[in-house]
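S.K.: Build me a model from this:
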Amino acid sequence: MVLAALDEQTGQNVDWWFIYKLPDDLKPLKSTENKTAIDKTKGTEYLYCDAKTPGELSLSKVAINDKNSALSRTLNQISEIKDKKNSNSSGWIIYNDEIPENYNEKDNDRNGHTKGILAFDLETDSAFWILHSWPKFPSFDTDMEPSNEYGQTYLCISLKDVATAEKIAQQMSHQQEPQIYDCQMPANIDKNSALYLISQAVDVNEKDPAINIEFSSRGGQKFNLLAKNRYWDKDFWVDWVGPQLKVDFNIETWRRGTLPPTDDSDGRDDVKDILYINLESLGVPFEWHYTKDHAKWATSDTNNWVVIADMNRQTSQEKRGGGGIAFQSESLWEKLSRIEQYKQ
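M.R.: Numbers count the residues shown, from 1 in each chain. You can find the predicted model right below:
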């Protein structure tokens, strides 16, 4: 089975897609004509674009938990494998710092503040990776009924090959230290492979520094995976992302409690916190305050960098592992830069 990101329109393979889910209980702005015919958001509405149309970040016609959403279509590949049982070639790890209730497992805050799905197939040499911000998601034993209160982000990438999935799993063992709650390893997997070893909950190495590694999608898009472990003891955004990519960033994350300073460790670049999201420039009549947003994303001031992450800009996160995916997309960067409001 070829595993890949599946698109919104046709369910066909796509190089990558991006989703930004809206919070619930938003009323249309009075200053904007409501072309969406939405009286109040339910928290299942979302913006969508993909590698074929990166500049068309727009409101989807379906709910995020609808079977035809890009998220549902992509995850359904895992459901199909589960139904077949005991696959010799397909496997996955699903991880989240908050485990869905129906798994009856307790969270361990020594694991990373990291959320995602890494799936692969040995026979077809294919894989995809979803990095997201949604707690207690996904759960395959119940209907996908998400917690809708806050804004959330999702980035799905069709990886170049299984070797790329191996590369990601290898650094996860030493950096993100994911809390895995749903996992399958194919019967034919090498027991010394990074994908197999991470499924066995290998402990993080406290001496490992933060990393910045490059990998490619199946279509050749370059991505940077930036990550740090719980022993690094610095802020992910201020002390790693900015200095590594050598640009200033505007950042939207879940900011509660004490915040790190905005000057980063190289003394040249800094960050600004986004206080409001306003979608009027995209033709979507909604805005919200950062307190309604649980997404983790950033745009650079220059060079068209977009970062989708699972780490917050928050002092308490210095003691957690986690990371983000950075890539250069002028059209998506331009759309996201437009909706940022009231930075400080």
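S.K.: what does the host helix or strand of Ile308 contact?
M.R.: Under the criterion of DSSP states H and E, Ile308 resides in strand 305-309. Strand 305-309 has contacts (Cβ atoms under 8 Å, 6 or more residues apart in numbering) with 18, 131, 133, 153-155, 226, 236, 241, 245, 247, 249, 253, 296-300, 322-329, 332-333, 336. Every C-beta, even on glycine, is put in place using the N, C-alpha and C of the backbone.
S.K.: can you give me the helices in the protein?
M.R.: Using DSSP state H, the helices of the chain run over 70-84, 162-174, 194-199, 236, 242-245, 330-339.
S.K.: Now render those as TSV, adding mean pLDDT.
M.R.: As requested, these are exported to TSV (pLDDT from 0 to 100):
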stretch	mean pLDDT
helix 70-84	92
helix 162-174	95
helix 194-199	94
helix 236	94
helix 242-245	94
helix 330-339	96
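S.K.: Go through the ones you listed and pick out the most buried.
M.R.: Greatest average neighbour count among the helices of the chain goes to helix 236 (a mean of 30), per mean count of other Cβ atoms under 10 Å.
S.K.: For Met311, find the nearest of the helices of the chain.
M.R.: Met311 sits nearest to helix 236 of all the helices of the chain, at 4.3 Å, using Cβ to Cβ.
S.K.: what's the closest non-adjacent residue to Gly43?
M.R.: Distances taken as Cβ to Cβ, 6 or more residues apart in numbering place Asn148 nearest to Gly43, at 2.5 Å, with adjacent residues excluded.
S.K.: Can you get me a residue count around that neighbour?
M.R.: Counted with other Cβ atoms under 10 Å, residues neighbouring Asn148 total 19.
S.K.: Could you do the one 10 residues further on as well?
M.R.: Other residues within reach of Ser158, judged by other Cβ under 10 Å, total 25.
S.K.: residues contacting the residue nearest to Gly43?
M.R.: Counting by Cβ under 8 Å, 6+ apart, Asn148 touches 23-24, 42-44.
S.K.: Could you export the helices of the chain to a markdown table, including columns for distance to Gly55?
M.R.: Formatted as a markdown table, the helices of the chain follow (distance: least, Cβ to Cβ, whole Å):
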| stretch | distance to Gly55 |
| --- | --- |
| helix 70-84 | 17 |
| helix 162-174 | 26 |
| helix 194-199 | 35 |
| helix 236 | 28 |
| helix 242-245 | 22 |
| helix 330-339 | 3 |
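S.K.: got the contact list for the closest residue to Thr41 other than its chain neighbours?
M.R.: Of all residues not flanking Thr41 in the chain, Leu26 sits nearest, at 4.2 Å (Cβ to Cβ, 6+ apart). If you count contacts by Cβ under 8 Å, 6+ apart, Leu26 has them with 40-41, 286-288, 292.
S.K.: 7 Å instead?
M.R.: Leu26 makes contacts with 40-41, 286, 288, as judged by Cβ atoms under 7 Å, 6 or more residues apart in numbering.
S.K.: With just CA atoms, put stretch 181-192 into PDB.
M.R.: The C-alpha coordinates for stretch 181-192 follow below in PDB (Å, rounded to 0.1, in the frame of the first residue of the first chain):
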ATOM      1  CA  TYR A 181       0.000   5.300  22.400                       C
ATOM      2  CA  ASP A 182      -0.900   3.600  19.200                       C
ATOM      3  CA  CYS A 183       1.800   1.700  17.300                       C
ATOM      4  CA  GLN A 184       2.200  -1.100  14.700                       C
ATOM      5  CA  MET A 185       5.500  -2.500  13.400                       C
ATOM      6  CA  PRO A 186       5.300  -4.700  10.300                       C
ATOM      7  CA  ALA A 187       6.400  -8.300  10.600                       C
ATOM      8  CA  ASN A 188       9.300  -7.800   8.200                       C
ATOM      9  CA  ILE A 189      10.900  -4.800   9.900                       C
ATOM     10  CA  ASP A 190      14.500  -4.900  10.900                       C
ATOM     11  CA  LYS A 191      14.600  -5.000  14.700                       C
ATOM     12  CA  ASN A 192      17.700  -2.700  14.600                       C
END
